[in-house]
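J.: The sequence and its predicted three-dimensional model are supplied below.
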Amino acid sequence: MDEAQALEAFTGPDEDRARTAYGSLCESGRRFLRAYLRDRLRYRCDSQELIEDAIQDAFVKIWRLRAGFADQGVAAWYAYLKRVADSCCADLLRGRKPDIPLPVFREEEAPRSDPDPLDEILEALMAALQAGQLAHQADILWLELDPALSEDTHVRQLLAAQLVYLDGAPWQEAVDVLGAPAPGEDPLTRETLDAWLAHHGVLRYLAYSELYYANDRLAGALLGWDEEVPSGALDEVMRQALSPTPSEVAPGGWAWPEVAVILWRYRNALLVEQIVQRSDCPLTRQEIINLLVRTGANLPFGKKMADLLAALARAPGVRAREALGAPGLWKRLAFQYCYTDDLPHRDIQERTQPAAERAGYTVTLAALNGWLSQGRLIRQLARHVADILEGDGDA
Amino acid sequence: MRRQGEENAGLSPENAAILKAWLQSREAPGPAALPAPDTTQMVHYLSGALSSAEARAVERGLVSHPLARRKLRQVRTALLRLQEQPWSQVLEQARQAGLEGEVAKEWAELVSRQAAAMPQARARWLSQGWSAVRRQAAEGMAEALAAWTAFCGFAGQWQAALRAPRMALARGGEAYAPAVAGDLPAGFQAEILYAEITNAGTLQVSAQFRDAAGRSGLALEGRKAHLALRVAGESWPVASGAVTGGQTEWSVPDLGPLLDLPAGQLPPSYLEIVLGEWVSLPGEQRQILLAEALDAQEQPIAAPPAPIGIVNTPRWEAGQLHIVIAISEWTRAAYPAYRLRLEYLVSPQSRQRLGEWPVADWDSGPRALAIPCPGSVEGPIPTAALRALLQAPAG
């Protein structure tokens, strides 16, 4: 049953159905609360245990309060979940001694228009997710890909740009490689390829694919792997790093204790304080800070952008800085880092600004705050998706 | 959903936090990275032998894996080299170790499997028709891909015929009128009113039927009428319709881009109209291969294609292609130092060289050739699966 049906059953008179619905709501609600509380308690060192306890308490409370709960839709349900979890969290913290105060939301921070259309936004995002289109629509919106083309064609455009600009393939080779369409598809021509390669949206898509480093990819890159490393391989590296007698030489020229910290910092996105507080952390606070200065100098973003600009400079007529200096590219990256990798703003800035400045753009913390904390990007995306859906409906 | 003034509006921090957690709990918004394609997939992809869905999956893997793109280019180089070798050398190469051997093994298996389906290619085309074969081939059905390949081979010859000296191909009175077959009543005639490739690439043909007195063929009302492309006595149907008001109109979308034909009129003599049920005559085969002439650098030269006569029905037998070829005095005089090259079409995009012989080896009589060829098929092979070229001597 979907959430709307579950909410209806949860508040209904049939006890058995209500229990089934409750189970279903708990399942999706737990994932939601884990993400919410992880963000809310980001700066606490004992957050993991606290989160699980708060979720447990929240669902017990929700069942007990069932009689007084009114179904007001999916958006209201999530707002209710959040409020109950906040309350449970506060109760738990009152019984503990917080080492870092909880961040408090202040209403005046957010410029608001009318009451937030949370229902509309959730509805639009849900529809896009169900259609498997959210990421693609984010690409269209911020990278400004041609909205008339399919996602598959956008991938082919990206592949063409990678072959020509990054791998140095001559145009004829790119046409040959991509020009073997399945029956029923038009063959790729030189003219089409040229148009693809000059399109600013395609250039931004190329830059996005080069510059976006999910946590595993970034950790792997810092440990000296060129390609994306399978998650299992990084798990094994961490086991070695924490082993008193590692059987292999540490990767990337690092010492094993340094590898452990690199993985915590960049793979798990832990902050320095959280690393220091770990009982198995092999380095002191100062050693960690010194290490992160060195890793900071090795982050790939500035060089990636320099290489990309150099490659594009060799292509006649391509206005690379104009294309890559547009805000959309950086919004797309910020959106991905925030909503997929759950990075705090400072980390997002660390992964974007070194590349942005080479393209003539500046990613500030204030901008990230407006885009992310104040929900501007997510609202833009929801509006874009709703417009697309309305358009499809009209058609 | 769009409202004026909303463009930069934010959300309340509470709602922004709810949406963030909700999105993160849905593991949004990133498409799962696909694995890097292996050698088998690369060979099939480069050969145009994958279904649309499989080809798109390969492309998604390639955009995420730079090393796979590098390998793809190496596979392509190896494949191009193999396709230029005689078949016996391909088989020899397939026994070697290393990437080239691996590519040769995959290519040999692919070609052999495709060859097994080729003898039935024309029968499948006639029974299923243009749209169904095209769709099935896009879905990856081997038999349909063979039929589609044979049709594309035929279409290549049809296209070449448009550039060939009419004298070389015309028989009797067929030069300036459409061929008409089937159960057209005595005294009736068919006239092409127009036959053109539109700006959108659609083949549009309209024909009018009249009786001996010149009256509109209303007596044929409702009868089936098929449209075929025709060259040198061989026809491949592309559309079906019915006679209405003494006329029939056919429309074939995408034929222009498929055959690389510019918009404009087509000569009626390259079309055939079949009234009633389509009947394929046993052994109906084109007896001419139009050979494009290439310079020493293997680039096409600005000359009309030369007709090469095929005296028998080519057959696979015991791992050899048996074919009897005659080269006209005109061709021998025009290309005395050239070599005749025969290729086998594996897909619309890829072919395998079968052998090469000096034109000077021919005199006024035909020559019987036995050429090592792919697969272990026994039976006739459509002429449409063969391609002939005239290669200038090196230097």
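T.: Cool, the structure landed. Residues are numbered from 1 along each chain as shown, chains lettered A, B, ... in the order given.
J.: which stretches of chain A have low pLDDT?
T.: The model of chain A has pLDDT under 70 over residues A:45-46, A:96-116, A:180-186, A:392-395.
J.: Domain map for it?
T.: Chain A is divided into the following domains under automatic domain parsing: A:3-100, A:123-213+A:301-394, A:215-298.
J.: any bit of the first one sitting next to chain B?
T.: Yes - with C-beta under 8 Å from any C-beta of the partner chain as the criterion, chain B is reached by domain A:3-100 at A:28, A:31-36, A:39-40, A:75, A:78-79, A:82. Every residue, glycine included, has its C-beta placed from N, CA and C.
J.: Let's see which of those residues end up in helices.
T.: Among those, the ones falling in helices (DSSP state H) are A:28, A:31-36, A:39-40, A:75, A:78-79, A:82.
J.: returning to that earlier point: tell me which of the domains of chain A is the most buried.
T.: By mean neighbour count, with neighbours taken as mean count of other C-beta atoms under 10 Å in any protein chain shown, domain A:123-213+A:301-394 ranks first of these at a mean of 19.
J.: centre of the chain versus that one, how much separation?
T.: On the basis of C-alpha atoms, centre = their mean, to the nearest Å, domain A:123-213+A:301-394 sits 15 Å off its chain's mean C-alpha point.
J.: do you know how far the spatially closest residue to A:Leu368 that is not a sequence neighbour is from B:Pro300?
T.: Counting by C-beta to C-beta, 6 or more residues apart in numbering or on different chains, A:Leu368 lies nearest to A:His345, which is 4.3 Å off, once chain neighbours are set aside. Distance of A:His345 to B:Pro300, computed by C-beta to C-beta, to the nearest Å: 59 Å.
J.: go on, B:Ala137?
T.: Using C-beta to C-beta, one obtains 27 Å as the distance from B:Ala137 to B:Pro300.
J.: Comparing these two, which shows the higher neighbour count?
T.: Per other C-beta atoms under 10 Å in any protein chain shown, whichever of B:Ala137 and B:Pro300 has more neighbours is B:Ala137, with 28 against 11.
J.: Give the buried residues for the host helix or strand of the more buried one.
T.: Here B:Ala137 is covered by helix B:121-138, with elements defined by DSSP states H and E. Across helix B:121-138, burial judged by 16 or more other C-beta atoms under 10 Å in any protein chain shown covers B:121-122, B:124-126, B:128-130, B:133-138.
J.: Run the angle between the next helix or strand after that helix and helix B:121-138 for me.
T.: Per DSSP H and E, the first helix or strand lying C-terminal to helix B:121-138 is helix B:142-163. Computed by axes from the mean of the first three to the mean of the last three C-alpha atoms, to 10 degrees, the angle separating helix B:142-163 from helix B:121-138 equals 110 degrees.
J.: quick check, helix B:142-163 touching chain A?
T.: Yes - using C-beta under 8 Å from any C-beta, helix B:142-163 reaches chain A at B:Ala144, B:Leu145, B:Trp148.
J.: repeat for stretch B:253-270
T.: Yes - Stretch B:253-270 lies within reach of chain A by C-beta under 8 Å from any C-beta, at B:Asp254, B:Pro257, B:Leu258.
J.: between these, which has the most around it?
T.: Counting by other C-beta under 10 Å, top hit in these: B:Leu258 with 22 neighbours.
J.: ok, that one - contacts?
T.: Contacts for B:Leu258 (C-beta atoms under 8 Å, 6 or more residues apart in numbering or on different chains) come out as A:Asp186, A:Pro187, B:Cys152, B:Ala155, B:Gly201.
J.: Helix or strand: which one has the residue nearest to the third one when sequence neighbours are not counted?
T.: So the one you mean is B:Cys152. Closest residue to B:Cys152 apart from its sequence neighbours, by C-beta to C-beta, 6+ apart: B:Pro348 at 4.0 Å. Counting by DSSP H and E, no helix or strand carries B:Pro348.
J.: my guess is B:Pro348 meets B:Thr149, correct?
T.: Yes - taking C-beta atoms under 8 Å as the definition, B:Pro348 is a contact partner of B:Thr149 at 5.8 Å.
J.: which of these two has more neighbours?
T.: For the pair B:Pro348 and B:Thr149, the greater number of neighbours falls to B:Thr149 (29 against 24), based on other C-beta under 10 Å.
J.: Need the per-residue pLDDT for that one.
T.: Predicted confidence (pLDDT) for B:Thr149: 93.
J.: pretty sure it contacts B:Ser350?
T.: No - contact criterion C-beta under 8 Å: B:Thr149 and B:Ser350 do not qualify, at 9.2 Å.
J.: Could I get the full set of helices for chain B?
T.: For chain B, applying DSSP H gives helices covering B:13-25, B:39-46, B:52-64, B:66-83, B:87-93, B:98-117, B:121-138, B:142-163, B:166-169, B:255-259, B:329-334.
J.: quick check, distance from the first one to the centre of its chain.
T.: Looking back up the chat, that one is helix B:13-25. Between the centre of helix B:13-25 and the centre of its chain there are 53 Å (C-alpha atoms, centre = their mean).
J.: which parts of that helix are buried?
T.: B:13-25.
J.: for the third one, same thing?
T.: For helix B:52-64, burial by neighbour count (16+ other C-beta under 10 Å) applies to B:Ser52, B:Glu54, B:Ala55, B:Arg56, B:Ala57, B:Val58, B:Glu59, B:Arg60, B:Gly61, B:Leu62, B:Val63, B:Ser64.
J.: which one of the residues you listed is nearest chain A?
T.: Proximity of the buried residues of helix B:52-64 to chain A (C-beta to the nearest C-beta) peaks at B:Ser52, which lies at 3.9 Å.
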